[in-house]
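In: how would this look folded up:
(chains A and B)
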Amino acid sequence: MKRARVAYAGAVHEALAHADGLQLADGRVLAEDQVVWLPPVEPLGTILALGLNYADHAKELAKELTTSAKDEPLVFLKGPNTLIGHRGQTRRPHGVGFMHYECELAVVIGRHAKNVPRSDAMACIAGYTVANDYAIRDYLENYYRPNLRVKNRDGCTALGPWLVDAADVPEPGALALSTRVNGKLVQHGNTRDLVTGIAELIEYLSSFMTLAPGDVILTGTPEGVVDVRPGDEVVCEIEDIGRLVNTIVGDDAFGH
Amino acid sequence: MLANYGPTFPASHGTVYGTLLNFRGALAALGNAVDQPPYKAPPHAPVLYIKPRNTLARDGDDVVLPSGFDTLEFGATLALVIGRTACRVTERAALEFVGGYAVANDVSIPHASYYRPSLPFKCRDGFCPIGAVVPAGAIADPDALAISVEVDGEIVQRAHTSALIRPVRRLLADVTEFMTLSPGDLLMIGVPEGAPRLRTGQRATISIAGVGALTNAVVSRS
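Out: Model (predicted):
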């Protein structure tokens, strides 16, 4: 099952995928561009994000790193202010030199998890969705890196369109990912290349913190990050999970 | 957003943010290290972190010392409880967005590096006890509050919110320049230098003048 949350005709609705777009719980069938897409996880819990979880991307960034790779996963946290839905707009502040997308498989937790071994970890997953977790590298500082000014900006994490039931994704560790900017392929990879795989991540995180329904794990991004500018359409796609569209806008759209 | 989760997480706050190195003495304690790798420069913008919902705890709750560690650091701090949606607020208007204040205990496993501290240092279950909220009107000036920490009956730390690098209004302006704070979110203003480290069996009370007191003890995993 593929579920979405959308706003339409004055209300927020749950919707399911339909051959012609989507179908609201009340039966109405609508095209993709007739609704406002909201992030599909509700209620939302803690948002955890992995850095450097594809070996090729870690290499791509190696010249910026001032210490060597860690022996445990690099995890940081994000707030709900960052999330926007499918077909949303993300602001690139004026004067910025390098802002890039990050296509990531997002794992949504479905039950409480503490000290879960990797052999039982997959049973804790409610489903999957696509994330595009933007970063603005101009704001990087070497304290609690990546610092929140880079990674926790309003509307800089697109999520959706669908929350796909875990039961419908038999092999989450073998999904092709890609990003296209204005139609041009700029990033591609496969979740089989995750440095720390999904089950291991749940084992690691649940070894020191209780995960709970609505928590979201953004599993990291492969190589191929390039600068995006106002007007660019950024499409992140993950095989069997969804195709997430976002448009970059400038300060003018926000009245700055 | 946290209220729907039942008994596992005690508080009904929004997102809890902490501020790193916002006390002048805490930054000074790093000395010349701020200019060396891995930091290479002193902090420019506010450095924030998140205490996720599993860390939330109450006054009186015990904090569990994980096996393999000797002490926990208790970080005494003031939490600003956001009362109104705060996006790009000015310093002048900033306090209008604060609905209340609370004493908070930002618990950490002691660690030397602020470069990329691993999540288990700060984000374990119960690592962020938060006291009762007092309404904003009870505090005339959040930049003029005495903080003290008592461990087993003896005062071990004294600090004052007048020693902030970014005073409360400025902090709110600089943070909301890039991220919106929503009603119920908490912004902790920073932990002063000299935070006490507690062993199993020790108990600390953090007091902030006019705001209240928060008591928690360290226990071993049962």
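
In: for whichever strand or helix holds residue A:131, packing partners?
Out: Assigned by DSSP states H and E, residue A:131 belongs to strand A:125-133. If contacts are counted by 3 or more CB pairs under 8 Å, 6 or more residues apart in numbering or on different chains; DSSP states H and E, strand A:125-133 sits against strand A:103-109, strand A:157-165, strand A:216-218, strand A:233-238, strand A:242-249. All C-beta spots, glycine's among them, are computed from the backbone N, C-alpha and C.

In: Including mean pLDDT, could the ones you listed go into JSON lines?
Out: Formatted as JSON lines, those follow (pLDDT from 0 to 100):
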{"stretch": "strand A:103-109", "mean pLDDT": "98"}
{"stretch": "strand A:157-165", "mean pLDDT": "98"}
{"stretch": "strand A:216-218", "mean pLDDT": "98"}
{"stretch": "strand A:233-238", "mean pLDDT": "98"}
{"stretch": "strand A:242-249", "mean pLDDT": "98"}
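
In: Any chance of a markdown table for those, columns distance to chain B?
Out: Shown next, in a markdown table, are the helices and strands packed on strand A:125-133 (distance: least, CB to the nearest CB, whole Å):
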| stretch | distance to chain B |
| --- | --- |
| strand A:103-109 | 12 |
| strand A:157-165 | 12 |
| strand A:216-218 | 11 |
| strand A:233-238 | 20 |
| strand A:242-249 | 16 |
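
In: and those as CSV, adding distance to residue B:202?
Out: What follows is the helices and strands packed on strand A:125-133, written out as CSV (distance: least, CB to CB, whole Å):
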stretch, distance to residue B:202
strand A:103-109, 34
strand A:157-165, 40
strand A:216-218, 35
strand A:233-238, 49
strand A:242-249, 49
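
In: what would those strands look like in TSV with mean neighbour count?
Out: Output for these, formatted as TSV (neighbours: other CB atoms under 10 Å in any protein chain shown):
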stretch	mean neighbour count
strand A:103-109	26
strand A:157-165	26
strand A:216-218	24
strand A:233-238	21
strand A:242-249	21
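
In: Could you identify the helix or strand that succeeds the least confident helix or strand in chain B by mean pLDDT?
Out: Lowest by mean pLDDT, DSSP states H and E among the helices and strands of chain B is helix B:24-28, with a mean of 92. Using DSSP H and E, the next helix or strand after helix B:24-28 towards the C-terminus is strand B:47-51.

In: Next, the distance between the ends of stretch B:135-146.
Out: 18 Å (CA to CA, to the nearest Å).

In: Buried residues of it, list them for me.
Out: B:136, B:139, B:142, B:143, B:145 (16 or more other CB atoms under 10 Å in any protein chain shown).

In: Run through who's touching stretch B:18-38.
Out: Applying CB atoms under 8 Å, 6 or more residues apart in numbering or on different chains, the contact partners of stretch B:18-38 are A:66-67, A:142-144, B:39, B:41-43, B:46-51, B:77, B:106, B:113-115, B:122, B:159, B:163-166, B:171, B:175, B:187-194.

In: Among these, which lie within strands?
Out: In this view, the contacts of stretch B:18-38 that belong to strands under DSSP state E are B:47, B:48, B:49, B:50, B:51, B:77, B:106, B:159, B:187, B:188.

In: Check those residues one by one and keep those near chain A.
Out: With CB under 8 Å from any CB of the partner chain as the criterion, those include B:47, B:48, B:49, B:50 near chain A.

In: what sits against the first one?
Out: Residues touching residue B:47, when contacts are defined by CB under 8 Å, 6+ apart, comprise A:141, A:143, A:144, A:147, A:148, B:19, B:20, B:21, B:114.

In: Pull the residues that contact the top helix by length along chain B.
Out: Ranked by residue count, the top helix of chain B under DSSP state H comes out as helix B:168-176. Helix B:168-176 is contacted from outside by B:17, B:19, B:22, B:45-46, B:48, B:80, B:86-92, B:94-95, B:97-98, B:142-143, B:161, B:164, B:166, B:181, B:187, B:189, using CB under 8 Å, 6+ apart.

In: which among those residues end up buried?
Out: Applying 16+ other CB under 10 Å to those flags B:17, B:19, B:22, B:45-46, B:48, B:80, B:86, B:89, B:94-95, B:97-98, B:142-143, B:161, B:164, B:166, B:181, B:187, B:189 as buried.
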